[in-house]
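Colleague: just need the structure, nothing else, for what follows:
(4 chains)
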2 protein chains.
Amino acid sequence: MTDCHNHQTCIDDALSSAKAICTEHGAKLTALREQVLLLIWESHKPLGAYTLMDMLAKQSQRRVAPPTVYRTLEFLLSLGLVHRINSLNAYIGCTSPQSHQPTSQGLNQQANYFFICSECHDTQEIINSALSLEISKAAKELNFSPKQQWLEVTGLCKQCQ
Amino acid sequence: MTDCHNHQTCIDDALSSAKAICTEHGAKLTALREQVLLLIWESHKPLGAYTLMDMLAKQSQRRVAPPTVYRTLEFLLSLGLVHRINSLNAYIGCTSPQSHQPTSQGLNQQANYFFICSECHDTQEIINSALSLEISKAAKELNFSPKQQWLEVTGLCKQCQ
DNA sequence: AAACTAATGTTATGATATAACACTATGATG
DNA sequence: CATCATAGTGTTATATCATAACATTAGTTT
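Modeller: Reported below is the predicted structural model:
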């Protein structure tokens, strides 16, 4: 991770956020879902579905098949608790799930902006209204009505330069 | 495509650009490479590698294997003649390859911004310096040194709203 | 022509993701 | 309490996307 920080706090926060958000949406954070969310947060880097599957299998001493993982990820994605990094086919914990909440109409217009270090794979998510504004302006010029946005910037993080 | 335009002109331009860029880099636009580039441009929408493979096989009446297609795509990508749409695992012709030229150090800092209609799959690429600037600013705040950027915005195009 | 190199062909396999259906657990309802 | 409905999970098979490794061909240089 880029900043020296108390990782356990970070995980705890993520978990209590997740619980709150689940309650709010009448969704259940089952043991499996919690386990996957924790694994993703403990890693703190984008994690592939099959890596996650192996970790799960190891933890629970039994075979875990792909659909189990993908369904769980889908659940977490739908609540904005994790994000998919398209350029890596990988999944990462959302640092501000409150900002990525689905509405009754389904998902909000979602804006996901990531900076991904190609060296250490540390990935930082940002919320940036100036950036959002520029994207909206560009969309307007094209008469395009945006729904979801992903920005993935690869390069070198502070530490790895 | 979003704008009513002369599609053949568009293809012709792409092809002559491609030839110029290849010459400039001492690269060869072989028959296969030209064929793939044309197929991508004729479609004018993001095309999967396997779709492309089937189209190639059909055109040339012979079996074409994945590596053939992927190598060709890699070549075209390396010269900035096509782009990969990560959220779709698909490839599309670059509308302004002059702006995506590799340097002697390898690829420039590349900025690829796409608006992808979820209805008709029309995909527009834009160049937008205001947007680039915001991304640079955000990177600077993180002390992140960006190398490549992809923005993919999904939603509804003018026609499909 | 021989030797070298870039391009393409070929076979096999790895990596990512989903469809379809079976089973289980949990809570609602009579 | 029994039964029913539903959400969640398990299981098997398969689809989809991508690459490794090595063989062959074609074009260039000497």
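Colleague: please confirm that A:L76 is located within a strand.
Modeller: No. A:L76 sits outside any strand when classified using DSSP: H, G, I helix; E, B strand; the rest coil, being helix.
Colleague: okay, now the closest residue to it other than its chain neighbours: neighbour count?
Modeller: In space, and not counting its chain neighbours, A:L76 is closest to A:V82: 4.4 Å by C-beta to C-beta, 6 or more residues apart in numbering or on different chains. For the C-beta atoms, the positions are set from N, CA and C on the backbone; glycine is no exception. By other C-beta atoms under 10 Å in any protein chain shown, the residues close to A:V82 number 26.
Colleague: report whether stretch A:116-129 contacts chain B.
Modeller: Yes. For stretch A:116-129, a contact with chain B is found by C-beta under 8 Å from any C-beta of the partner chain, at A:C117, A:S118, A:Q124, A:I126, A:N128.
Colleague: ugh, wrong one, stretch A:145-160
Modeller: Yes. Applying C-beta under 8 Å from any C-beta, one finds that stretch A:145-160 is in contact with chain B at A:145-158.
Colleague: and that stretch, what's its mean pLDDT?
Modeller: Confidence for stretch A:145-160, expressed as mean pLDDT, is 96.
Colleague: stretch A:75-94 too?
Modeller: Per-residue pLDDT over stretch A:75-94 has a mean of 96.
Colleague: next, the contact list for the residue nearest to A:L76, please.
Modeller: Applying C-beta atoms under 8 Å, 6 or more residues apart in numbering or on different chains, we find A:V82 in contact with A:L37, A:I40, A:L73, A:L76, A:Y91, A:I92, A:G93, A:C94.
Colleague: and the longest helix anywhere in chain A, how far out from the chain's middle?
Modeller: Longest helix in chain A by number of residues (criterion: DSSP state H): helix A:7-24. In terms of C-alpha atoms, centre = their mean, to the nearest Å, the centre of helix A:7-24 is found 13 Å from the chain centre.
Colleague: list only those of the residues of stretch A:116-129 next to chain B flagged as buried.
Modeller: Among these, the ones that count as buried by 16 or more other C-beta atoms under 10 Å in any protein chain shown are A:C117, A:Q124, A:I126, A:N128.
Colleague: do I have it right that the second one meets B:E141?
Modeller: No. Taking C-beta atoms under 8 Å as the definition, A:Q124 is not a contact partner of B:E141, at 10.4 Å.
Colleague: show me which residues of chain A sit near chain B.
Modeller: Residues of chain A found near chain B (C-beta under 8 Å from any C-beta) are A:2, A:86-87, A:113, A:115, A:117-118, A:124, A:126, A:128, A:130-131, A:134-135, A:137-139, A:142-158, A:161.
Colleague: kindly report the residues of chain A close to DNA strand C.
Modeller: A:G48, A:A49, A:Y50, A:T51, A:A65, A:P66, A:P67, A:Y70, A:E74, A:R84, A:N89 (C-beta under 7 Å from any atom of the strand).
Colleague: with just CA atoms, put the helix or strand where the third one lies into PDB.
Modeller: A:Y50 is part of helix A:49-60, with elements assigned from DSSP states H and E. Below are the C-alpha coordinates for helix A:49-60, written out as PDB (Å, rounded to 0.1, in the frame of the first residue of the first chain):
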ATOM      1  CA  ALA A  49     -10.900 -14.600  -9.100                       C
ATOM      2  CA  TYR A  50      -8.900 -17.800  -9.300                       C
ATOM      3  CA  THR A  51      -6.400 -16.600  -6.800                       C
ATOM      4  CA  LEU A  52      -9.300 -15.800  -4.500                       C
ATOM      5  CA  MET A  53     -10.700 -19.200  -5.200                       C
ATOM      6  CA  ASP A  54      -7.400 -20.900  -4.100                       C
ATOM      7  CA  MET A  55      -7.300 -18.800  -1.000                       C
ATOM      8  CA  LEU A  56     -10.800 -19.700  -0.100                       C
ATOM      9  CA  ALA A  57     -10.200 -23.400  -0.700                       C
ATOM     10  CA  LYS A  58      -7.100 -23.200   1.500                       C
ATOM     11  CA  GLN A  59      -8.900 -21.400   4.300                       C
ATOM     12  CA  SER A  60     -11.900 -23.700   4.400                       C
END
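Colleague: what mean pLDDT does that helix have?
Modeller: For helix A:49-60, the per-residue pLDDT averages 96.
Colleague: hmm, it in reach of DNA strand D?
Modeller: No. Interface with DNA strand D: helix A:49-60 contributes nothing (C-beta under 7 Å from any atom of the strand), its closest point being 7.7 Å away.
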